[in-house]
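Trainee: Sequence first, then the predicted structure, then my questions.
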Amino acid sequence: MLVAAAVCPCPPLLVPDVAAGAAPELDAARAACTDALGVLAASRPDLLVVVGPAEQSGRGPHPEGTRGSFNGFGVDLDLRLGRPAAAAAGPDASDRGLPPSLAVAAWLLERTGWSDAPVEGLGVGEPLEAERCIQAGEHIAGRAVRVALLVMGDASACRTVKAPGYLDERAAGFDAEVARALGTADVAALKTLDTALAHELKAAGRAPWQVLAGAAEGAGLGGALLYDDAPYGVGYLVAAWS
């Protein structure tokens, strides 16, 4: 059963080594992510599952200990998914590296010293239908007595003319509704997000949020919105459910 969830954005710029001189611009987002992960730790889960968007090669499960890297972003920084002791105990858990969203999650977990429960990753594709996302979440929630989720994903990438997707007047309204749903743990609203609009607005978090909705059905969790901004024309949201 799902006992807690943290929702965080997944830009590699969240990692200061990648952001370099621009790192201070996301200090507030990093602090909010730390607070959200504190909620996960306080829930004392038996299993933590990290869910994030992924391209074809990164989709599917990623066991604890899977390597991640930011070499592709010009930074010599490697890490592993999960608890430090478990990650160092053996060889690579997977021949595939972590997709960027899960590498950011691994960095967040390492930064906060996560050691509370085993960690597994799941990369989901942007085209994954809402029904299948919800079913995946239901399956995750049934995997242990106390399950926690770390859900990685950005909102629209169309908030300003300098955004990756340029300015789309629909983006602010879409992001506001997602922020409201995440801040109030509105499972029904997340389940019924407009998948076509999310795709047009380049909202990478849509599928992971719907996995969360499936996992949270019937759990009776409450939500709190910890961060809501679009510093680069991309909506970044942080929320905690418990």
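Mentor: In hand now; what should we look at?
Trainee: Next, count neighbours for the residue nearest to Arg143 when sequence neighbours are not counted.
Mentor: Nearest non-adjacent residue to Arg143, counting by C-beta to C-beta, 6 or more residues apart in numbering: Leu47, 6.0 Å away. (Glycine included, C-beta is placed from N, CA and C.) Using other C-beta atoms under 10 Å, Leu47 has 17 other residues around it.
Trainee: And for Leu26?
Mentor: By other C-beta under 10 Å, neighbour count at Leu26 equals 23.
Trainee: How much space separates it from Tyr232?
Mentor: Distance, Leu26 to Tyr232, using C-beta to C-beta, to the nearest Å: 9 Å.
Trainee: In which helix or strand does the closest residue to Arg59 other than its chain neighbours reside?
Mentor: Nearest residue to Arg59 in three dimensions, chain neighbours excluded: Gly123, at 4.6 Å (C-beta to C-beta, 6+ apart). Assigned by DSSP states H and E, Gly123 belongs to strand 119-124.
Trainee: Quick check: closest non-adjacent residue to the residue positioned nearest the centre of the chain.
Mentor: Nearest to the mean C-alpha position of the chain, by C-alpha atoms, centre = their mean, lies Met152 at 0.9 Å. Leaving aside its chain neighbours, Met152 sits nearest to Gly52 (3.5 Å; criterion: C-beta to C-beta, 6+ apart).
Trainee: pretty sure the one you found is in contact with Leu102, am I right?
Mentor: Yes: contact criterion C-beta atoms under 8 Å: Gly52 and Leu102 qualify, at 4.9 Å.
Trainee: So the two - more neighbours on which side?
Mentor: When neighbours are counted by other C-beta under 10 Å, Gly52 and Leu102 differ, and Gly52 comes out ahead with 29 against 26.
Trainee: Parallel or antiparallel, which strands does the stretch of helix or strand that one belongs to pair with?
Mentor: Using DSSP H and E, Gly52 sits in strand 47-53. Strand pairing for strand 47-53, using DSSP bridges, gives strand 119-124 (parallel), strand 147-152 (parallel).
Trainee: Residues in contact with it: which ones?
Mentor: 10, 40, 81, 99, 101-102, 104-106, 109, 114, 116-126, 140, 143-144, 146-153, 204-205, 207-208, 211-212 (C-beta atoms under 8 Å, 6 or more residues apart in numbering).
Trainee: helix/strand/coil for Ala4?
Mentor: strand (DSSP: H, G, I helix; E, B strand; the rest coil).
Trainee: after the strand holding Gly52 comes which helix or strand?
Mentor: strand 60-62.
Trainee: Can you name the residues in contact with that following strand?
Mentor: Residues contacting strand 60-62 (C-beta under 8 Å, 6+ apart): Leu81, Ala93, Ser94, Arg96, Leu98, Leu102, Glu120, Gly121, Leu122, Gly123.
Trainee: Equivalent analysis for stretch 71-81, please.
Mentor: Contacts for stretch 71-81 (C-beta under 8 Å, 6+ apart): 12, 15, 17-18, 50, 62-70, 87-88, 93, 98, 100, 102-103, 105-107, 109-110, 119-121.
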